[in-house]
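1. Predicted model and sequence below, questions to follow.
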Amino acid sequence: MPVADFFCGNCSEQFELKSKKGMTVGSKIVDGAYASMIERINSKDNPNFFFLTYDKSKWEVRNFMIIPKYFFVSDMIEKRKPLNQNARRAGWVGCNIDLRKVPESGRVFLIKETRIISKKDVCSKWKGTVFLKAKKSDAKGWILDVMRCVDAMHQDVFSLKDMYAFEDVLKEKYPDNRFVKDKIRQQLQLLRDKGLIEFAGNGVYKKATL
């Protein structure tokens, strides 16, 4: 398609592919014009993204990952410096996709380190976050931020007190919100109801395995 690499005739979803040589996908992906990218991900027909890495010498796919479109928000698109005056496209501003801001649950691997992931596992992980598709941008932003906070804790079991440690970080991002702890608890309850985390009682949670 003119504005996307792939189109599914069954679900009418669009997909764009970013690929590179190498062992891992990495933390940042170089993309095109910043303004066009922001407009694209904020549009009603924004695409899902495939990320592929390959070993050209072996003709081997190393990783093949899809990130559903509802995980893309403006703050994960990083503006690059304008090209200097001597460049052919002087003043042009490109962008990077900052994958560090995508929660683990939004990284759906079809192939990981050359290992093919079963269709059942792929579909299960995809369906586990599809509820985000119906969320408005403000509500989705809070959910994704709390997801990232959960990911930042490397242990599988964590407490509400552990989550409150991110209060200052979230206050900085949402300065007009005076009830950050309440919002944290609200998002944890939503993630629990959607099966992304489990509540063990007494303010203790456990990460679910998707």
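-> Good, I have the coordinates. Bear in mind the structure is a predicted one, so any value in this text is a computation, not a measurement. Residues are numbered from 1 along each chain as shown.

2. okay, now the domains of this protein?
-> Taking automatic domain parsing as the criterion, the chain consists of the domains 1-130, 135-210.

3. Give me the mean pLDDT for the last one.
-> Along domain 135-210, the predicted confidence averages to a pLDDT of 92.

4. Please apply the same query to stretch 89-109.
-> The model assigns stretch 89-109 a mean pLDDT of 92.

5. starting at the chain centroid, how far to it?
-> 9 Å (CA atoms, centre = their mean, to the nearest Å).

6. Show me what the longest helix anywhere in the chain packs onto, helices and strands only.
-> Using DSSP state H to define each element, the chain has its longest helix at helix 137-152. If you count contacts as 3 or more CB pairs under 8 Å, 6 or more residues apart in numbering; DSSP states H and E, helix 137-152 packs onto helix 160-164, helix 167-173, helix 180-193. Every C-beta, even on glycine, is put in place using the N, C-alpha and C of the backbone.

7. can you give me the strands for the protein?
-> With DSSP state E, the ranges of strands along the chain come out as 6-7, 14-21, 28-33, 48-55, 60-67, 77-79, 94-98, 108-112, 115-116, 157-159, 197-201, 204-207.

8. So for residue 124, which of these sits nearest?
-> Counting by CB to CB, residue 124 lies closest to strand 108-112 out of these; the figure is 9.6 Å.

9. hmm, back to that, and the strands of the chain as a markdown table, adding mean neighbour count and distance to residue 149?
-> Below are the strands of the chain laid out as a markdown table (neighbours: other CB atoms under 10 Å; distance: least, CB to CB, whole Å):
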| stretch | mean neighbour count | distance to residue 149 |
| --- | --- | --- |
| strand 6-7 | 13 | 33 |
| strand 14-21 | 15 | 26 |
| strand 28-33 | 15 | 21 |
| strand 48-55 | 19 | 23 |
| strand 60-67 | 18 | 19 |
| strand 77-79 | 16 | 20 |
| strand 94-98 | 18 | 16 |
| strand 108-112 | 18 | 21 |
| strand 115-116 | 10 | 29 |
| strand 157-159 | 16 | 10 |
| strand 197-201 | 14 | 11 |
| strand 204-207 | 17 | 12 |
